[in-house]
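3D, please:
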Amino acid sequence: MLTIIVFILILGVLIFVHELGHFLVARRNGIKAEEFGFGFPPRIFGVQTWREKKLEKIAEEEKLEVDIQNAVSGGSEIIKETVTDEKKEIDVVRSRRKWIWTWGKQGMAEENPERDTIYSLNWIPLGGFVKIKGEDGENKDPDSFATKSAWTRTKVLAAGVLMNFALAWFLISVCLIIGIPEPVGENETRTDSKIQISEIISDSPAKQINLKIGDEILKEQKTLAGVKIEIKSIKDFQDYINANKGKEILIQVQRGSEELDLKGTPRIDYPENQGPLGIVMAETAIYKYPWYQAFWKGLQILFDLVLAMLLALYGIVKNLLFGKAIGVEIAGPVGIAVLTKQATELGLVYILQFVAILSINLGIINAFPFPALDGGRILFIIIEKIKRSPVSQKTEQTFHAIGFAILIALMLVVTFRDILNVIK
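Numbers count the residues shown, from 1 in each chain. Next comes the predicted model:
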């Protein structure tokens, strides 16, 4: 149950932050957001505001003027009195904010130009969405997305990606402030260091043994015969494994708050650079940084992660084009849920790191120039600037529909593979 809750929260935060970026930049550039939803429809309830204008009389002014003039005519004094009475009414147009609360869709006037954004809470708790006026290219009002310049539309589309990167930067920085496990330097001695698994090779004995990334190798190992072995370094553990190739052994690890006894057999023959178990280990310790250093270092880590993921994505695309195996595991919703369980078992810092990595992935994928993604929509804006005329809305929508169908099909395939892996 905890894994399900954390999984829903993670996906919710990632999607919500992405859509919030589109929403804020659209509003900033005078584009109307017709609805900003928490979760996905159907709607539970919503609130909508608008400014009502009303003519009010604020004052009534009366002015009385008396003008007396003296004149002499034929030895007689003539007094001339002039009385002027003016009455003026002063009116003003006042604007006041009004609110509409409603359950479901009833009562909302999405098409009323006088009304502002609908803020809604919806039944499916997976992030959120923003409905931007004219994003389909048909509405030509001044506050429509379709009527804005190419640069403004690009900013709105790119804002979601940038918000995902910003979220990752923030979470990494928070981890650095709380304390984050990092590899110990070569010439550094730390009494609190531990040996952790940082990578597991596919189809290796480590997979069969059920070792996980983040597992800590206990410094005191016990053999199946009951003999205790002290592990002071990575080399000590490697020597223990190499001495027992082809034999069943006991490996004791710390996973979160649990100590686990795992049994398996290191292989005798194995590919180069994989080792008998098929794991990569690192000696790590908890490092903490003051906030003013944490945000700068967090930005550096963000840059390194983005670069590493772009290189990995390039490798995947290259292998697909040349008909080779992609060389990495791709996880769908089920796979992410499994990884969420592993991160939850390890603790808060690992969850935050996991969310940061997912946020970077989401940002990179959405920036990819593929139809139906933000990068694909930006690509059509670039084509528009090159040909100096808008791309046919029908053509663009067709491409986006095909792209969306391909993405859904890919997600179904990946999800099916994830389910098979879970069953295994």
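
tell me the SS of F38?
Counting by DSSP: H, G, I helix; E, B strand; the rest coil, the backbone at F38 sits in strand.

chain neighbours aside, what residue packs nearest to P390?
Leaving aside its sequence neighbours, P390 sits nearest to E384 (C-beta to C-beta, 6 or more residues apart in numbering; 5.3 Å). Glycine gets a C-beta too; all of them are placed from N, C-alpha and C.

please tell me how far that neighbour sits from I44.
According to C-beta to C-beta, to the nearest Å, E384 stands 39 Å off from I44.

do the same with I408
Note on I408: its distance to I44, by C-beta to C-beta, is 26 Å.

quick one: residues in contact with stretch 356-373.
Residues outside stretch 356-373 that contact it (C-beta atoms under 8 Å, 6 or more residues apart in numbering): 10, 14, 17-18, 158, 160-162, 164-165, 167-168, 171-172, 175, 302, 305-306, 309-310, 313, 336, 374-376, 378-379, 399-404, 407.

got it, and stretch 3-15?
39, 125-129, 164, 167, 336-337, 340-341, 344, 351, 354-355, 358-359, 362.

repeat for stretch 25-42
For stretch 25-42, using C-beta under 8 Å, 6+ apart, the contacting residues are 12, 16, 19, 23, 43, 46, 104-105, 110, 117-134, 141-145, 148, 152, 155-156, 159.

buried residues in that stretch?
Judged by neighbour count (16 or more other C-beta atoms under 10 Å), stretch 25-42 contains these buried residues: 25-27, 29, 31-39.

quick check: mean pLDDT across it?
Computed over stretch 25-42, the mean pLDDT rounds to 88.

contacts only, for S173.
Applying C-beta under 8 Å, 6+ apart to S173 gives the contacts 291, 294-295, 297-298.

er, G347 I mean
By C-beta under 8 Å, 6+ apart, the residues touching G347 are G256.

not counting its neighbours along the chain, what's nearest R417?
In space, and not counting its chain neighbours, R417 is closest to G332: 7.6 Å by C-beta to C-beta, 6+ apart.

same check, this time on L126
L126's closest residue in space is L11 (C-beta to C-beta, 6+ apart), at 5.2 Å.

among the buried residues of stretch 25-42, which two are most distant?
N29 and G39 (25.8 Å; C-beta to C-beta).

pLDDT score assigned to the spatially closest residue to L171 that is not a sequence neighbour?
Closest residue to L171 apart from its sequence neighbours, by C-beta to C-beta, 6+ apart: A356 at 4.1 Å. Listed pLDDT for A356 reads 95.

before we move on, which element is A356 in?
Following DSSP states H and E, the helix or strand that holds A356 is helix 348-367.

then L126?
Using DSSP H and E, L126 falls within strand 115-132.

over to V25?
helix 2-28.

between that helix and strand 115-132, how many degrees?
Inter-element angle recorded for helix 2-28 and strand 115-132: 120 degrees (by axes from the mean of the first three to the mean of the last three C-alpha atoms, to 10 degrees).

next, the angle helix 348-367 makes with helix 2-28.
Using the same axes, to 10 degrees: helix 2-28 against helix 348-367 is 50 degrees.

may I see the buried residues of helix 2-28?
Within helix 2-28, the residues that count as buried by 16+ other C-beta under 10 Å are 6-8, 10-27.

so how far is it off the chain centroid?
How far helix 2-28 lies from its chain's middle: 5 Å, per C-alpha atoms, centre = their mean, to the nearest Å.

what do you get for stretch 294-309?
16 Å.

could I get the average pLDDT for that stretch?
Rounded mean pLDDT across stretch 294-309 is 93.

contacts for that stretch, please.
By C-beta under 8 Å, 6+ apart, the residues outside stretch 294-309 that reach it are 165, 168-170, 172-177, 289, 356-357, 360-361, 364.

do you have the helices of the stretch 51-200 of the chain handy? List them.
150-178 (DSSP state H, counting those that start in this stretch).

helices of the stretch 201-350 of the chain, residue ranges please.
205-209, 234-242, 291-321, 333-346, 348-367.

and the third one with helix 348-367, angle?
For helix 291-321 against helix 348-367, the angle between stretch directions is 50 degrees (the same axes, to 10 degrees).

buried residues, helix 291-321. List them.
294-295, 298, 301-302, 305-306, 309.

ditto for stretch 379-397
Neighbour counts using 16+ other C-beta under 10 Å place 379-381, 391, 396 of stretch 379-397 among the buried residues.

can I assume I100 is in contact with Q48?
Yes: shown here, I100 and Q48 form a contact pair, counting by C-beta atoms under 8 Å, at 4.8 Å.

neighbour count winner among the two?
Per other C-beta atoms under 10 Å, whichever of I100 and Q48 has more neighbours is Q48, with 22 against 14.

how close does I402 sit to I386?
Using C-beta to C-beta, I402 is found at 22 Å from I386.

picking that back up, which neighbouring elements make contact with the strand holding L126?
Contact partners of strand 115-132 among helices and strands, from 3 or more C-beta pairs under 8 Å, 6 or more residues apart in numbering; DSSP states H and E: helix 2-28, strand 33-73.

now for the protein, the helix or strand with the poorest mean pLDDT.
Lowest by mean pLDDT, DSSP states H and E among the helices and strands of the chain is strand 76-103, with a mean of 64.

quick check: phi and psi at P271.
Backbone torsions of P271, given as degrees, to the nearest 10, read phi -60, psi 160.

residues near it, how many?
Residue neighbour count, defined by other C-beta under 10 Å, stands at 10 for P271.

how far away is it from D203?
According to C-beta to C-beta, P271 stands 10 Å off from D203.

then W291?
Distance from W291 to D203, by C-beta to C-beta: 43 Å.

ok, what's across the strand from the nearest residue to D116 once chain neighbours are set aside?
With sequence-adjacent residues excluded and distances taken as C-beta to C-beta, 6+ apart, D116 is closest to T49, at 4.7 Å. Using DSSP bridges, the bridge partners assigned to T49 are W99.

count the neighbours of T49 for me.
Counted by other C-beta under 10 Å, the residues lying close to T49 total 13.

hmm, it is touching W101, no?
No: with contact defined as C-beta under 8 Å, T49 does not count as touching W101 (10.4 Å).

show me where this structure dips below the pLDDT cut-off.
For the chain, applying pLDDT under 70 flags the ranges 51-97, 105-115, 323-329, 424.
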